[in-house]
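A.B. asks: The following comprises the amino acid sequence and a computationally predicted model.
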Amino acid sequence: MNEIMNFVNILEPRNTQFGIFKFMTRPWDPKKTLTLDKYYSAHELKKIVADSVYIDAFIEKESIRNGVPKEQLRTEVWDYLEEIATDKKLHIIRWIGIIFLKICFMMKIGVFVNESSVLKVKSLMGKNPVLFLPTHRSYADFCLMTYLCYHYDIDLPAVAAGMDFYSMAVVGQKMRETGGFYLRRTLVGAPLYSATLRHYVRTLVSRYSAPVEFFLEGTRSRSNKSLPPKYGMLSMTLLPYFAREVTDITVVPVNISYDRLMEQGLFAYEHLGVPKPKETTGGLLKSLHKLNDHYGNIYINLGDPVSVREYVGQQLPLSAEMLKPLDLQQLTADQFKSVQDIANHVVTMQQKCTVVTISNLLSIVLMESLMKNEALIYEQVLEKIEWLIRVLRVLGATVFENDVKSSVERILVVHKNLMRLDGKNRLKLVSSALMNINSDVQKKMKGHILKAETMVNAIPIIQLQLYVNPVLHYLVPPAIICIITTRGVTNIEELSADYYRLRKLLVHEFFHLEKNEEVTFDAAWQYCVRNAVTSPTCALGTAHALHALLRAAVTPALCSLHTCAEVMAEYNSCEHKQALKLVQERVENGRYHPYCLSLEAANNCLQGLTLYGALTKQRSKEQVTYEAVPLKLEECRRLISSLLPKCDVDFGKNNSVILNQDDVKAKL
């Protein structure tokens, strides 16, 4: 995906005196995803669902099971549809678009789009339903995809949104009127709601003339990297194809990359266990003043559209489901397996669509500088970034840059509160403010109650890591090979065996498809042979700069994995929440990379140890408990210990790369 792409700033034409109003009030005849004999209104779609054979059959069954009158259940179905359904209104869309553009210019952002990929998708519309599946790194993702469709005259998507927004005064209704529809986080214990939602989503796909958009990850990625997909929504949206209601469905992977995340501070605190604040309209209004700042650019890259018919290949074997009326057909086990395959494939496509930005590159350079405790002067930073661009492009990355020097100057303005040049022209990480955590927040903390000093040291480094993370899927495979060679291996078979073990242990931290690992390993090995190791002896070469880069890429994950293994070996049996607290406590009391304090990283590592067979997971109604499998856990500990790079760096005030702010205080 490293070919030259034509990225266009779609906000630039609007930046004139009358540009916003004129554009948002223009005549608009969008391209529809389906050419239908009849185009249904929002109310008509709800009526189709409520009057369907599927809902009738479900109500009949529920009435018999619970003894509730059918009319009462029908009323409940309509109540659920009022809660769920979209209600798109063009005049609201136009006014919200004007507000959106004004906020964009207040934030001084540019929205750069791979235009050829959008036009390719648009050219395919009209024959079958289209699903937009973007990455989810920020709340801004909702607005960006909707505005992109308006800009390119594509019917605005029906966007799945969580109930957090539903309860927000004014905002919840306006999201519905710009295309949003709502779904609850869990369907457990509400069978009639679940049936109503499933059939509404199915009807949207098969009978609505606009794309359907949702986030495969299910929630924002607080780590700014790919999460394993959730399969529920994709199952609902692909059912019309498997039930033969539509001849095909086009799935479009989308990657949205940010120079600066609006939520980077909140995400860093969430990693440490501080609970996410409740979304409210008042909170949104209070935060608007913070948007009057430089937020850099946003990059939207659409991957190649995936035809479900072509991806699945030959239709799956005939099943008893196909003998039922269309409305009553549900996914078979084989069809659900195909849904999982498509979801996993889409996540890998999103990764390939990653646009590596100067923010990412500058963060990688600064993080490595921190880990070496060596501040780089500005000219060294520029040289390092130029070299890093060449490395990443060879590894297949799409790097967005025109002029490195001017781009770095721009990003230093964007991230002035995170990184800056000191009086000697050296690049420094700006320390965070001393944070007072009140007792109410402490009671809700999800992990160990960390010392104020620990949080001051950790917050800026975790924020920095958020901009390193999106690039790691390019670096991790060769990094693991290189780090294994530092231990000393005798042959390629031993090296590959340890590689596959580590990749399995870290699959939740660095998402990848196990079925593709042989190809990934071969490509990484060939890269390492050309640049970092000698063959056939599997010895580390002399490319010291590349070795340092690759080592820094995997050090936080290996440290987290090692700490989790040590804690579980010591306690043998541990409830999930307690395990997370013990990991954080151990990291706080030792010399570790601060990202190892991340509860998400610890959770990922515990999941990896479970997948490997080093832990077993016992689930009850109230909690999850891990039990150590001694022999397998000891095998993991030996492997990780043999590879773990020494980390004897002070990440606090004594680190020469940290610019201290001792006089600044804040409250949380």
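C.D. replies: Cool, the structure landed.

A.B. asks: now the end-to-end length of stretch 127-144.
C.D. replies: 25 Å (Cα to Cα, to the nearest Å).

A.B. asks: May I see the buried residues of the longest helix belonging to the chain?
C.D. replies: Longest helix in the chain, counting residues (DSSP state H): helix 544-571. Within helix 544-571, the residues scored as buried using 16 or more other Cβ atoms under 10 Å are 546-547, 549-568. The way it works is simple: take the backbone N, C-alpha and C, and place the C-beta from them, glycine included.

A.B. asks: so what strands line up beside the longest strand seen in the chain?
C.D. replies: In the chain, assigned by DSSP state E, the strand with the most residues is strand 250-258. If you go by DSSP bridges, strand 250-258 pairs up with strand 130-134 (parallel), strand 297-302 (antiparallel), strand 306-307 (antiparallel).

A.B. asks: which residues sit in contact with the most centrally placed residue in the chain?
C.D. replies: In the chain, the centroid-proximal residue (Cα atoms, centre = their mean) is Ser221; its distance is 3.7 Å. Counting by Cβ atoms under 8 Å, 6 or more residues apart in numbering, Ser221 makes contact with Thr135, His136, Arg137, Leu227.

A.B. asks: on that earlier part again, could I get the strands paired with strand 250-258 as JSON lines with mean pLDDT and distance to Ser257?
C.D. replies: Shown next, in JSON lines, are the strands paired with strand 250-258 (pLDDT from 0 to 100; distance: least, Cβ to Cβ, whole Å):
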{"stretch": "strand 130-134", "mean pLDDT": "97", "distance to Ser257": "11"}
{"stretch": "strand 297-302", "mean pLDDT": "96", "distance to Ser257": "4"}
{"stretch": "strand 306-307", "mean pLDDT": "96", "distance to Ser257": "20"}
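
A.B. asks: Could you report the distance from the closest residue to Arg503 other than its chain neighbours to Ala343?
C.D. replies: Nearest residue to Arg503 in three dimensions, chain neighbours excluded: Glu517, at 6.2 Å (Cβ to Cβ, 6 or more residues apart in numbering). Taking Cβ to Cβ, to the nearest Å as the measure, Glu517 falls 18 Å from Ala343.

A.B. asks: before we move on, what about Met175?
C.D. replies: For Met175 relative to Ala343 (Cβ to Cβ), the value is 25 Å.

A.B. asks: ok, now Asn654?
C.D. replies: From Asn654 across to Ala343, the span is 46 Å (Cβ to Cβ).

A.B. asks: More neighbours: which of these two?
C.D. replies: The residue with more neighbours, out of Asn654 and Ala343, is Ala343; 20 against 10, by other Cβ atoms under 10 Å.

A.B. asks: Surely that one touches Gly232?
C.D. replies: No: using Cβ atoms under 8 Å, Ala343 is not in contact with Gly232; the gap is 10.0 Å.

A.B. asks: ranges for the helices of the stretch 551-668 of the chain?
C.D. replies: For the stretch 551-668 of the chain, applying DSSP state H, counting those that start in this stretch gives helices covering 576-588, 599-612, 630-643.

A.B. asks: Buried ones among the contacts of Ser221?
C.D. replies: Among the contacts of Ser221, those buried by neighbour count (16+ other Cβ under 10 Å) are Thr135, His136, Arg137, Leu227.

A.B. asks: Spatially nearest residue to the last one, not counting backbone neighbours?
C.D. replies: Spatially, and ignoring its direct neighbours in sequence, Leu227 is nearest to Glu217 (4.2 Å; Cβ to Cβ, 6+ apart).

A.B. asks: about what we covered before: show me what whichever helix or strand the residue nearest to Arg503 is part of packs onto, helices and strands only.
C.D. replies: Element membership for Glu517 (DSSP states H and E) is helix 517-531. If you count contacts as 3 or more Cβ pairs under 8 Å, 6 or more residues apart in numbering; DSSP states H and E, helix 517-531 packs onto helix 472-487, helix 492-505.

A.B. asks: What are the buried residues along it?
C.D. replies: Glu517, Thr520, Phe521, Ala524, Trp525, Tyr527, Cys528, Asn531.

A.B. asks: quick one, what contacts the fourth one?
C.D. replies: With Cβ under 8 Å, 6+ apart as the criterion, the residues that contact Ala524 are Pro477, Pro478, Ile480, Ile481.

A.B. asks: so which of the residues you listed is the most crowded?
C.D. replies: Ile480 (28 neighbours).

A.B. asks: thinking again about what came up before, let me have the buried ones among the contacts of Ser221 in CSV, extended by pLDDT, secondary structure and distance to Arg619.
C.D. replies: Listed next are the buried ones among the contacts of Ser221 as CSV, based on pLDDT from 0 to 100; DSSP: H, G, I helix; E, B strand; the rest coil; distance: Cβ to Cβ, whole Å:
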residue, pLDDT, secondary structure, distance to Arg619
Thr135, 96, coil, 29
His136, 95, coil, 26
Arg137, 94, coil, 30
Leu227, 91, coil, 20
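
A.B. asks: which ones are touching the residue nearest to Lys444 when sequence neighbours are not counted?
C.D. replies: Ranked by Cβ to Cβ, 6+ apart and with sequence neighbours excluded, the top spatial neighbour of Lys444 is Pro275, at 4.6 Å. Neighbouring residues of Pro275 by Cβ under 8 Å, 6+ apart: Val441, Lys444, Met445, Lys446.

A.B. asks: Please, which helix or strand holds Pro275?
C.D. replies: Per DSSP H and E, there is no helix or strand for Pro275.

A.B. asks: Tell me, how many residues neighbour the nearest residue to Phe510 once chain neighbours are set aside?
C.D. replies: Spatial nearest neighbour of Phe510, excluding adjacent residues (Cβ to Cβ, 6+ apart): Val476 at 4.9 Å. When neighbours are defined as other Cβ under 10 Å, Val476 has 22 of them.

A.B. asks: Would you agree Val476 is in contact with Val507?
C.D. replies: No: the criterion here is Cβ under 8 Å, and Val476 misses it with Val507 at 10.9 Å.
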